[in-house]
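**Student:** Sequence first, then the predicted structure, then my questions.
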Amino acid sequence: MKDISKQQSFSEPELYVEHQLILTGSVSDIEAILKLAEVKFDQLYLQQEIAIEKLVSRKRPLPGLESKRNHVIRHYMYEEEVAPLIHRINHLAHKKRVDVNADFNYLISANPWTVAGSPWTVAGSPWTVAGSPWTVAGSPWTVAGSPWRGMNNQGGASIRRKALSIFYSQWAFGERGLSARVGEQAPPYAGSGIRVGIFDTSPFPVTISNADFQLEPNLHLTLSHPIPGGITGGCGSGPAADHGLFVAGLIHALAPYSDIHLIRVLDDAAQGVMSVLLAALAQFIREVNDDGMLRGAVINLSLGLTDSEGDTATGPASLRLLLEVAYALNIIVVAAAGNDSAPIAGSHGPQVPAAWDFVIGVAACNAQRELACFANTGDIMAPGGGGIAPYCLPGLNKCYGVDCRYALISLSTTSWTGFSYGVGSSFAAPLISGLVANIQSRDSWLPCAEIKQKILHNAVDGVIDAEGIY
């Protein structure tokens, strides 16, 4: 439980959804605390409930979490201001030593955050409110603009073939990056029997449940849509719908035989709410636990939230519990560390959930194998692109139709060639997810803790070295 009994301020309203809260604990304890808090029950409306015992077979142990097996995660609507109620519940729970936690329904966003296109267009200037990489609104280094747009008039399949070749030969996979085998050169077991859940944006309509891409080998995506496409409201503007697809392309390159699920929990501005993420995670955990054919599973979270009170060690309790359940079931959780560190002296620590000890938190490194100038720190570094010194300015104006040391290349539906550039820890995280899928497919008996240690031990100066993993 979080002890917030001495806190004098609440989280900033722009970081959460007003009139909503999330409670975690047993049903009896939750009801007892609500009664102690003198909540008017005609003002409190239950929206959804996630029961931990329904995610896990009774025969399946939950190491370190058996006391949580009877817990539920409840999402409520509340008619009055929510911050005082959350403070009161957590204060009472701590005072009475009751295992109940109240969370805000936090806003979450992808890393990098959203803008509409190239950083050198009017819509995507890094110096506008919508496009700064060091604001809540987002990063100018997006997947929205095609790096081959200047070559479109050359036409023909040859340009697309060139784009595909550059994708597989880009620096992030080579000696300056992972030293990884990708595509048809990947090991024959790479990702086989492993399900990877990408909780992100998606450019696909709700009427489509699968998508295929002409890669080598082919990428087959299983799609689900906890939220519809478009902008959900109050989250800014700008197409970031390809963010999750960009992530999927990188995972597929490294683990081409994995079973990749793209689950839309963020809107086209790469923004969402924690209650939607919780429900989607619960569904994924349940399906993995029920599928006896799988050898392992990975959760990729190229997203994060910022608790204004800086309590990254514990909360939010609801999200932490679900990810701990995944970990106990040997589902590896990989998360982006964030891009909040430019242009400051030094670097911020990782965002939640990358900050948690059981999660593999991934920081972005540049082509010099150093922490990128915008990057938060993490457990390990993987290629995420870089900025131009000394002010950490975007380098995408130097990226046109070639491998570019300032960015990574992956899939895009808005690009004529099917590929585009992206920069940030969002795209470092899936590189680790792909390597984890390879480890699981070969050594499925390894527990999560040993897989994480294997990843950390196969690093040179903090940057992962894939050759040591094969």
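**Tutor:** Received it, and whenever you're ready, just let me know what you need.
**Student:** what number of residues lie near the closest residue to His261 other than its chain neighbours?
**Tutor:** Nearest residue to His261 in three dimensions, chain neighbours excluded: Thr222, at 4.6 Å (Cβ to Cβ, 6 or more residues apart in numbering). All C-beta spots, glycine's among them, are computed from the backbone N, C-alpha and C. Neighbours of Thr222 under the rule other Cβ atoms under 10 Å: 14.
**Student:** again, but for Val298
**Tutor:** Look at Val298: counted by other Cβ under 10 Å, it has 31 neighbours.
**Student:** any idea how far Leu435 is from it?
**Tutor:** Using Cβ to Cβ, to the nearest Å, one gets 10 Å for the distance from Val298 to Leu435.
**Student:** before we move on, the earlier item: help me confirm that the residue nearest to His261 is found in a strand?
**Tutor:** Yes: assessed with DSSP: H, G, I helix; E, B strand; the rest coil, Thr222 lies in a strand.
**Student:** show me the contacts for it.
**Tutor:** Ser209, Asn210, Asp259, Ile260, His261, Leu262 (Cβ atoms under 8 Å, 6 or more residues apart in numbering).
**Student:** Look up how far Ser258 lies from it.
**Tutor:** For Thr222, the distance to Ser258 - Cβ to Cβ - is 11 Å.
**Student:** Am I right that His348 is in contact with Gly338?
**Tutor:** Yes: between His348 and Gly338 there is a contact under Cβ atoms under 8 Å: 7.0 Å.
**Student:** the more surrounded of those two?
**Tutor:** Set side by side, His348 and Gly338 show more neighbours around Gly338, with 34 against 17, by other Cβ under 10 Å.
**Student:** In a helix, that one, correct?
**Tutor:** No: going by three-state DSSP, the assignment for Gly338 is coil, not a helix.
**Student:** Dihedrals phi and psi, it?
**Tutor:** Taking degrees, to the nearest 10, you get phi 110, psi 170 for the backbone angles of Gly338.
**Student:** Can you show me the helices along the protein?
**Tutor:** Ranges of helices in the chain, per DSSP state H, are 27-36, 82-96, 157-169, 243-254, 274-290, 317-328, 425-442, 448-457.
**Student:** which strands and helices sit next to the helix or strand bottoming out on mean pLDDT in the chain?
**Tutor:** Within the chain, confidence by mean pLDDT, DSSP states H and E is lowest for strand 393-394 among all helices and strands, at a mean of 82. Here strand 393-394 touches strand 387-388, going by 3 or more Cβ pairs under 8 Å, 6 or more residues apart in numbering; DSSP states H and E.
**Student:** Put together JSON lines for the contacts of Thr222, with distance to Glu66 on each row.
**Tutor:** Listed next are the contacts of Thr222 as JSON lines, based on distance: Cβ to Cβ, whole Å:
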{"residue": "Ser209", "distance to Glu66": "36"}
{"residue": "Asn210", "distance to Glu66": "38"}
{"residue": "Asp259", "distance to Glu66": "30"}
{"residue": "Ile260", "distance to Glu66": "32"}
{"residue": "His261", "distance to Glu66": "29"}
{"residue": "Leu262", "distance to Glu66": "33"}
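**Student:** Which of those has the largest number of neighbours?
**Tutor:** Scoring the contacts of Thr222 on neighbours with other Cβ under 10 Å, the highest-scoring entry is Ile260 at 28 neighbours.
**Student:** Tell me the pLDDT of the nearest residue to that residue once chain neighbours are set aside.
**Tutor:** Distances taken as Cβ to Cβ, 6+ apart place Val196 nearest to Ile260, at 5.0 Å, with adjacent residues excluded. At Val196, the pLDDT value in this model is 98.
**Student:** Val196 touches Asn300, doesn't it?
**Tutor:** Yes: between Val196 and Asn300 there is a contact at 6.2 Å, judged by Cβ under 8 Å.
**Student:** Between those two, which contacts overlap?
**Tutor:** By the contact definition Cβ under 8 Å, 6+ apart, Val196 and Asn300 are jointly contacted by Ile251, Ser433.
**Student:** out of those two, which sits in the busier spot?
**Tutor:** The residue with more neighbours, out of Val196 and Asn300, is Asn300; 33 against 28, by other Cβ under 10 Å.
**Student:** Not including adjacent chain positions, what is the nearest residue to the more buried one?
**Tutor:** Ser433 (4.3 Å).
**Student:** dump the residue contacts of that neighbour.
**Tutor:** Contacts of Ser433 by Cβ under 8 Å, 6+ apart are Val196, Ile251, Ala255, Val298, Asn300, Ile332, Val334.
**Student:** where's Gly25 relative to Lys68, distance?
**Tutor:** 9 Å.
**Student:** Next, give phi and psi for Arg181.
**Tutor:** Here is the backbone geometry of Arg181 (degrees, to the nearest 10): phi -90, psi 130.
**Student:** While we're on the nearest residue in space to it that is not next to it in sequence, how confident is the model there?
**Tutor:** Of all residues not flanking Arg181 in the chain, Pro187 sits nearest, at 6.5 Å (Cβ to Cβ, 6+ apart). As predicted, Pro187 sits at a pLDDT of 94.
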